[in-house]
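> Just a sequence and a predicted model for now, questions to come.
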Amino acid sequence: MTFPALRMRRLRRTPKIRDLVRETILTPNDLIFPIFIKEGTSDPEPIHAMPGQFRLPLNKVVKEAKNVTSLGIPAVILFGIPVRKDETGSSAYDKDGVVQQAVKAIKKQLENKIVIMTDVCLCQYTSHGHCGVLKGNEILNDPTLEILQKVSVSHAEAGADIVAPSCMIDGQVQAIRKGLDHAGFTNVAVMAYSAKHASYFYGPFREVAYSAPSFGDRRSYQMDYANSNEALQEVELDIKEGADIIMVKPALAYLDLVYRIKTKFGFPTAAYNVSGEYSMIKAVAEKGWIDEKAITLEVLTAIKRAGADMILTYFAKEAARWLAEK
Ligand code: PBG
């Protein structure tokens with residue numbers, strides 16, 4: 001059947017008909033809210049390049065987590081900003097490190113009312129800002145794995161439900177899975193930043209977390225943004241190594257990957273709507289050139305439509321409020 005017998009506009013005629021045939025419904029359940037926690041502060045610090053986001057002191061974290069749950073968002077991912085940095089990032093696995101303390105506090109107050117995810121990486125914790133240990137200017141692979149194991153186990157001991165390695169060091173998922181199992185944390189899941197690209201969209205985040213590399217860039221470990229077959233290979237390896245959830249990062253300029261990966265593997269798939277994607281919308285909205293609410297819901301729905309089961313986004317709280325208004 002074709003026109004004039006078939007008319008596509010029939011099912012677009014009224015809002016109720018459109019509701020009925022809508023294929024992708026965004027809900028707060030799809031969202032994960034990233035929280036930055038800064039050690040050694042007592043007041044939230046607004047982040048200039050990310051309007052509406054803050055570096056939170058430890059004493060405000062539980063309140064924020066409660067706020068997130070009250071909006072119907074099931075999960076947070078925690079990023080630490082430590083006082084102390086060194087060559088090997090040892091404050092990342094400090095029992096009383098900033099993330100470990102935050103996890104403990106949230107777990108104690110909220111138990112299983114929220115899913116606690118933690119970012120497992122070294123760049124915020126190393127004096128040189130790279131995601132692994134160095135020999136000269138080279139980022140070493142295998143010696144970094146042992147440190148990532150320690151970081152993951154320390155997060156699990158504090159009460160993390162899911163650890164999320166984001167270093168793009170080969171073998172990180174396998175090493176972390178082994179480390180967790182060995183320490184008795186067989187129920188702690190791994191969300192792997194599998195297809196994480198060396199992206200200019202991370203600019204605002206690096207300012208937030210003081211984690212820009214002091215020399216060079218991350219292109220010897222993060223993926224070339226021009227590659228997609230390689231992204232599929234990265235995902236396949238992480239699944240084999242024991243990942244429970246895989247991730248594509250960034251999201252918006254990478255929807256082809258979200259689609260291909262979800263279609264090919266049918267695996268729980270996350271997409272990270274990163275800092276630069278957030279800041280771009282905020283900046284244009286401040287100028288009054290777009291409708292922020294409408295654009296944000298369109299973007300997040302499109303990420304879900306492409307195949308993401310969950311979306312890490314700084315818009316999570318606002319989006320949940322906007323969805324409740326609709
Ligand atoms: C740490 C990490 C980064 C992001 C998440 N984890 C920064 C980077 O790789 O430089 C970026 C998140 C964002 O831009 O929102 N490795």
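Perfect, thanks for sending it. Numbers count the residues shown, from 1 in each chain.

> For the rest of this, base every contact and every neighbour count on C-alpha atoms.
Will do.

> Contacts only, for the residue in the stretch 1-150 of the chain that the ligand sits nearest to.
Of the residues in the stretch 1-150 of the chain, the one nearest the ligand is residue 121, at a distance of 5.5 Å by C-alpha to the nearest ligand atom. Each residue near residue 121 by C-alpha atoms under 8 Å, 6 or more residues apart in numbering is listed here: 92, 131, 148, 165-167.

> Export those as a markdown table, with columns for pLDDT and distance to the ligand.
Supplementary listing: these in a markdown table, determined by pLDDT from 0 to 100; distance: C-alpha to the nearest ligand atom, whole Å:
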| residue | pLDDT | distance to the ligand |
| --- | --- | --- |
| 92 | 97 | 12 |
| 131 | 93 | 6 |
| 148 | 98 | 12 |
| 165 | 98 | 8 |
| 166 | 96 | 5 |
| 167 | 96 | 5 |
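
> Looking at the residues you listed, which one is closest to residue 41?
Distance to residue 41, by C-alpha to C-alpha, is smallest for residue 92 among these, at 17.8 Å.

> Make sure the closest one is indeed in a strand.
No: the assignment for residue 92 is helix, going by DSSP: H, G, I helix; E, B strand; the rest coil, so no strand is present there.

> need the residues of this protein near the ligand, please.
The interface of the chain toward the ligand, taken as C-alpha under 6 Å from any ligand atom, is made up of 121, 123, 166-167, 202, 205-206, 274-275.

> Is residue 56 in a helix, a strand, or coil?
In three-state terms, and counting by three-state DSSP, residue 56 is strand.

> count of neighbours near it?
Applying the criterion other C-alpha atoms under 10 Å, we find 22 residues in the vicinity of residue 56.

> I figured it hits residue 34, correct?
No: contact status for residue 56 versus residue 34: not in contact, 11.3 Å apart, counting by C-alpha atoms under 8 Å.

> Residue 42 in helix, strand or coil?
Applying three-state DSSP to residue 42 yields a three-state assignment of coil.

> Contacts only, for the spatially closest residue to it that is not a sequence neighbour.
By the measure of C-alpha to C-alpha, 6 or more residues apart in numbering, the closest residue to residue 42 outside its immediate chain neighbours is residue 57, 5.3 Å from it. Listed by C-alpha under 8 Å, 6+ apart, the contact set of residue 57 reads 37-44.

> Show me where this structure has its helices.
Listed from the start of the chain, the chain has helices (DSSP state H) covering 15-21, 61-70, 98-110, 142-158, 172-182, 203-208, 229-241, 255-265, 275-286, 292-306, 316-325.

> Which among the ones you listed is found nearest to residue 86?
In this view, the helices of the chain are compared for proximity to residue 86 by C-alpha to C-alpha, and helix 142-158 is the closest at 13.0 Å.

> tell me what the closest one is packed against?
Applying 3 or more C-alpha pairs under 8 Å, 6 or more residues apart in numbering; DSSP states H and E, one finds that helix 142-158 makes contact with helix 98-110, strand 115-120, strand 162-165, helix 172-182.

> Same list, the ones you listed, but as CSV with mean neighbour count please.
What follows is these, written out as CSV (neighbours: other C-alpha atoms under 10 Å):
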stretch, mean neighbour count
helix 98-110, 21
strand 115-120, 25
strand 162-165, 25
helix 172-182, 21
